[in-house]
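Student: coordinates only, sequence not included:
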């Protein structure tokens with residue numbers, strides 16, 4: 001029985017969703033293999049987990065300028081140079097539990113959807129302590145240097161642009177496969193949206209994000225919902241409780257669907273003509289696989305900006321950074337059939353709904 005480990009890290013949900021999609025697919029289609037999934041953060045010293053995750057979430061939320069500097073600085077650092085040596089030794093020091101797990105089990109293959117475990121396990125293989133095949137699913141639309149490890153046998157990337165970036169870092173072209181990023185099967189099917197029929201109108205917008213709690217968003221949504229009465233609105237947010245404290249009556253009157261972030265988000269993607277969200281790697285992959293128009297609002301510097309840039313080059317999204325224009329532009333775009341059609345068609349051209357099939361197939365063939 002082939003033992004296959006899949007590692008992600010809980011910095012945001014995208015890396016986890018990519019790993020889960022791959023795990024679910026492989027368990028279903030390769031039942032004779034022993035497929036296991038792990039969060040690498042569960043195998044590190046607790047204080048390390050608290051500090052690193054705290055710094056990440058604080059910087060991307062409260063100090064984006066700092067995260068931008070960190071992201072760019074690390075990308076420019078030379079693999080094997082001082083920064084990467086320091087990072088590796090730090091990880092090795094605090095990830096003894098992870099190291100012991102991999103060395104003891106020595107799986108046939110280890111798959112990564114985050115660079116934290118990739119770096120550690122690659123070092124173990126470099127020392128000859130395991131002979132596992134290593135595979136990496138790059139969950140961004142750029143080839144940041146932190147993803148590249150010489151010991152990786154297979155890289156799976158979103159586009160030719162990412163492939164070219166890895167080659168510039170020194171990766172042999174034969175190791176790189178342009179498959180797309182692994183997404184769940186629900187984004188590759190035709191989800192049932194019957195539960196949303198009371199809220200669906202001629203043109204429909206899905207707003208996702210914490211920005212919905214801002215006074216400007218609330219004021220503008222009231223204004224433009226009146227201006228465009230045939231536009232349906234769905235709102236999904238962790239801050240939905242704060243929004244509804246003042247807007248519940250309005251939302252009920254206008255048949256606006258409001259809820260927390262949901263696991264069946266594919267139904268809302270299907271019902272919407274345009275989605276207003278961030279440009280995380282998985283969100284981008286899911287929406288392009290479904291051929292959905294995207295408005296990217298204030299992407300996080302670094303990986304989200306890179307993903308947004310890739311979509312803009314393909315003319316598959318519109319970027320808006322100012323909350324003062326977000327609602328107005330969203331309604332204008334949603335009510336422009338030509339713009340929605342153009343964005344949707346272009347998104348579909350770069351979408352790769354079959355990524356999980358291709359990735360898992362190539363891995364199983366390679367081991």
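Tutor: Nice, thanks for sending it over. Predicted model, so just to flag it, every value in this text is computed and none were measured.

Student: which regions of the stretch 1-150 of the chain sit below the pLDDT cut-off?
Tutor: For the stretch 1-150 of the chain, residues meeting the criterion pLDDT under 70 lie at 78-80.

Student: where along it do the strands fall?
Tutor: All strands of the stretch 1-150 of the chain, identified by DSSP state E, counting those that start in this stretch, fall at 3-8, 34-39, 109-112, 133-137.

Student: now do the stretch 251-367 of the chain
Tutor: Along the stretch 251-367 of the chain, counting by DSSP E, counting those that start in this stretch, strands occupy 257-259, 274-277, 293-297, 317-320.

Student: picking that back up, deepest of the strands of the stretch 1-150 of the chain, which one?
Tutor: Among the strands of the stretch 1-150 of the chain, strand 109-112 has the highest mean neighbour count (mean count of other CB atoms under 10 Å), at a mean of 28. In short, each C-beta sits where N, CA and C put it, glycine included.

Student: Contacts for that one next, please.
Tutor: Strand 109-112 is contacted from outside by 2-8, 19, 22, 102, 117-118, 121, 132-137, 363, 366-367, using CB atoms under 8 Å, 6 or more residues apart in numbering.

Student: and residue 319, what does it touch?
Tutor: Contacts here follow CB under 8 Å, 6+ apart; on that basis residue 319 touches 295-296, 299, 308, 312.

Student: Turn the residues you listed into a markdown table, including distance to residue 55, neighbour count and pLDDT.
Tutor: Conversion of the contacts of residue 319 to a markdown table gives the following (distance: CB to CB, whole Å; neighbours: other CB atoms under 10 Å; pLDDT from 0 to 100):
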| residue | distance to residue 55 | neighbour count | pLDDT |
| --- | --- | --- | --- |
| 295 | 29 | 22 | 98 |
| 296 | 25 | 24 | 98 |
| 299 | 20 | 22 | 94 |
| 308 | 23 | 23 | 96 |
| 312 | 29 | 14 | 96 |
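
Student: Closest one of those to residue 169?
Tutor: Nearest to residue 169 among the contacts of residue 319, counting by CB to CB, is residue 308 at 22.0 Å.

Student: my read: that closest one touches residue 317, true?
Tutor: Yes. Counting by CB atoms under 8 Å, residue 308 does reach residue 317; the two are 6.6 Å apart.

Student: Between these two, which contacts overlap?
Tutor: Contacts common to residue 308 and residue 317, judged by CB under 8 Å, 6+ apart, are 279, 296.

Student: Tell me who's in contact with residue 231.
Tutor: 201-205, 224-225, 331, 334-335.

Student: Make TSV from the strands of the stretch 251-367 of the chain and add distance to residue 68 to it.
Tutor: As requested, the strands of the stretch 251-367 of the chain are exported to TSV (distance: least, CB to CB, whole Å):
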stretch	distance to residue 68
strand 257-259	32
strand 274-277	20
strand 293-297	16
strand 317-320	16
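
Student: Nearest approach to residue 249 belongs to which of those strands?
Tutor: Going by CB to CB, the one of these nearest residue 249 is strand 257-259, 11.9 Å.

Student: got the buried residues for the closest one?
Tutor: Neighbour-count burial for strand 257-259 flags 257-258 (criterion: 16 or more other CB atoms under 10 Å).

Student: strands paired with that strand, and their directions?
Tutor: Strand pairing for strand 257-259, using DSSP bridges, gives strand 231-236 (parallel).

Student: In terms of helices and strands, where is residue 243?
Tutor: Using DSSP states H and E, residue 243 maps to helix 240-253.

Student: Tell me how far stretch 97-114 lies from the chain's centre.
Tutor: 23 Å (CA atoms, centre = their mean, to the nearest Å).

Student: Quick check: end-to-end length of that stretch?
Tutor: Taking CA to CA, to the nearest Å, stretch 97-114 runs 18 Å from one end to the other.

Student: Kindly report the same for stretch 40-49.
Tutor: End-to-end span of stretch 40-49 (CA to CA): 10 Å.

Student: quick revisit: and the strands of the stretch 251-367 of the chain: which comes nearest residue 161?
Tutor: Closest among the strands of the stretch 251-367 of the chain, using CB to CB: strand 317-320, at 15.4 Å.

Student: State the mean pLDDT of the closest one.
Tutor: The average pLDDT for strand 317-320 rounds to 98.

Student: which residues sit against stretch 349-366?
Tutor: With contact meaning CB under 8 Å, 6+ apart, stretch 349-366 is reached by 2, 4, 21-22, 25-26, 29-30, 33, 109, 111, 133, 135, 137, 153-154, 156, 158-159, 177, 179-185, 187-188, 285, 287-291, 310-311, 314, 316.

Student: Mind giving me the PyMOL select for the residues you listed, buried ones only?
Tutor: Applying 16+ other CB under 10 Å to the contacts of stretch 349-366 leaves a buried subset, and the PyMOL line that selects it is:
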select buried, resi 4+21+22+25+26+30+33+109+111+133+135+137+153+154+156+158+159+177+179+180+181+182+183+184+187+188+285+287+288+289+290+291+310+311+316
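
Student: Okay, and which of the contacts of stretch 349-366 map to helices?
Tutor: Among the contacts of stretch 349-366, the members found in helices (DSSP state H) are 21-22, 25-26, 29, 285, 287-289, 310-311.

Student: Return the closest of those with respect to residue 168.
Tutor: Nearest member of those to residue 168, counting by CB to CB, is residue 310, at 16.4 Å.

Student: The residue nearest to that closest one when sequence neighbours are not counted - how many residues pack around it?
Tutor: Counting by CB to CB, 6 or more residues apart in numbering, residue 141 is the residue found nearest to residue 310 once chain neighbours are left out, at 4.0 Å. For residue 141, the neighbour count with other CB atoms under 10 Å is 27.
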